[in-house]
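>>> just coords:
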């Protein structure tokens, strides 16, 4: 039987071929062609939300498909953009919202937002990568976690960066052989422990990330026999982490219809 590490390396070592294969899948190709044919003509946030196929494609590309129902929430993310320190996306500890606001930066560029490469090719590339990771996870969640960590490792700048992302936390806790209960301890203590136990600068080096993931996949293989792990647990968006109470109240007053 193929091990978690072997499966991960088979995909990672020839990533472009893996991504090209995913891009040619009929359903992926169909949705991508639709996205590219329409996105450049979208001039406003209202028009973007009005086309559910475009909206769902962009959400999935950024790993936020589980939040697609929360249109008022997502509208606030896109409306405020990322330029202001007080922008909604910048208050969320989950960087996926900020990435979406950067890909479709209506706040900064207005009706030109969808004409840039990051809004077209950039989103398409994210969609293919996200689809690849999800597909890998259908066979082995450890492979999906490893691919995700490989992609996101360079964003880790502190212990809090790990805590803010459930999937990154799952990988690190596994590699350090920490019990799941560790995630329920004081956040500041968690962050301090991660910063002491890890050399965070290593996550900027692909070779060192590879060694870390070799350790993770080996331990994962021992701790998670096939079929024993819920593949969705680590990928539920931690969307409300890091929002003040006042901000939560204001979000609760928004209507989910997108207005």
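Cool, got the structure. What you see is a predicted model; the values in this text were computed from it and never measured.

>>> distance of residue 74 from residue 223?
To residue 223, residue 74 is 35 Å away according to Cβ to Cβ, to the nearest Å. Where C-beta positions appear, they are placed from N, C-alpha and C, glycine not excepted.

>>> what do you get for residue 3?
Separation of residue 3 from residue 223 (Cβ to Cβ) stands at 13 Å.

>>> could you do residue 217 as well?
Distance of residue 217 to residue 223, computed by Cβ to Cβ: 11 Å.

>>> same thing with residue 65?
As judged by Cβ to Cβ, residue 65 and residue 223 stand 28 Å apart.

>>> work out which residue lies at the spatial centre of the protein.
Nearest to the mean C-alpha position of the chain, counting by Cα atoms, centre = their mean, stands residue 63 at 4.5 Å.

>>> ok so, going back, and residue 74 and residue 223? Which one has more around it.
Counted by other Cβ atoms under 10 Å, residue 74 and residue 223 do not tie: residue 74 has more neighbours, with 25 against 12.

>>> the more buried one: which element?
If you go by DSSP states H and E, residue 74 is part of helix 71-80.

>>> can you list the buried residues in the helix or strand just after that helix?
Going down the chain from helix 71-80, the next helix or strand is helix 88-91, by DSSP H and E. For helix 88-91, burial by neighbour count (16 or more other Cβ atoms under 10 Å) applies to 88, 89, 90.

>>> and those, which is closest to residue 128?
When the buried residues of helix 88-91 are compared for distance to residue 128 (Cβ to Cβ), residue 89 wins out at 23.4 Å.

>>> got the contact list for that closest one?
Contact partners of residue 89, counting by Cβ atoms under 8 Å, 6 or more residues apart in numbering, are 77, 80, 81, 82, 97, 98, 100, 101.

>>> in TSV, list those residues along with neighbour count.
Converted to TSV, the contacts of residue 89 look like this (neighbours: other Cβ atoms under 10 Å):
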residue	neighbour count
77	25
80	18
81	21
82	19
97	26
98	20
100	24
101	27
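
>>> max pairwise distance over those: which two?
Spatial extent of these (Cβ to Cβ) is set by the pair 80 and 100 at 12.0 Å.

>>> summarise which helices and strands the helix holding residue 74 is packed against.
Helix 71-80 sits against helix 45-50, helix 88-91, helix 95-103, helix 106-109, helix 245-252, with contacts defined as 3 or more Cβ pairs under 8 Å, 6 or more residues apart in numbering; DSSP states H and E.

>>> for residue 202, which of the ones you listed is the nearest?
Nearest of the helices and strands packed on helix 71-80 to residue 202, taken as Cβ to Cβ: helix 95-103 at 19.4 Å.

>>> in the stretch 1-150 of the chain, where is pLDDT below threshold?
For the stretch 1-150 of the chain, applying pLDDT under 70 flags the ranges 1.

>>> mind listing what the nearest residue to residue 175 once chain neighbours are set aside touches?
In this structure, residue 175 finds its nearest non-sequential neighbour in residue 216, 4.3 Å apart by Cβ to Cβ, 6 or more residues apart in numbering. Residues in contact with residue 216 (Cβ under 8 Å, 6+ apart) are 142, 145, 146, 149, 171, 174, 175.

>>> show the pLDDT at residue 216.
Note on residue 216: pLDDT of 97.

>>> pull the distance from the helix or strand hosting it to the chain's centre.
Counting by DSSP H and E, the element that carries residue 216 is helix 206-223. Chain-centre distance of helix 206-223: 20 Å, with Cα atoms, centre = their mean, to the nearest Å.

>>> what comes up buried for that helix?
209, 210, 212, 213, 216, 217, 218, 219, 220, 221.

>>> and for stretch 112-130?
Buried residues in stretch 112-130, counted by 16+ other Cβ under 10 Å: 113-114, 118-120, 122-124, 126-130.
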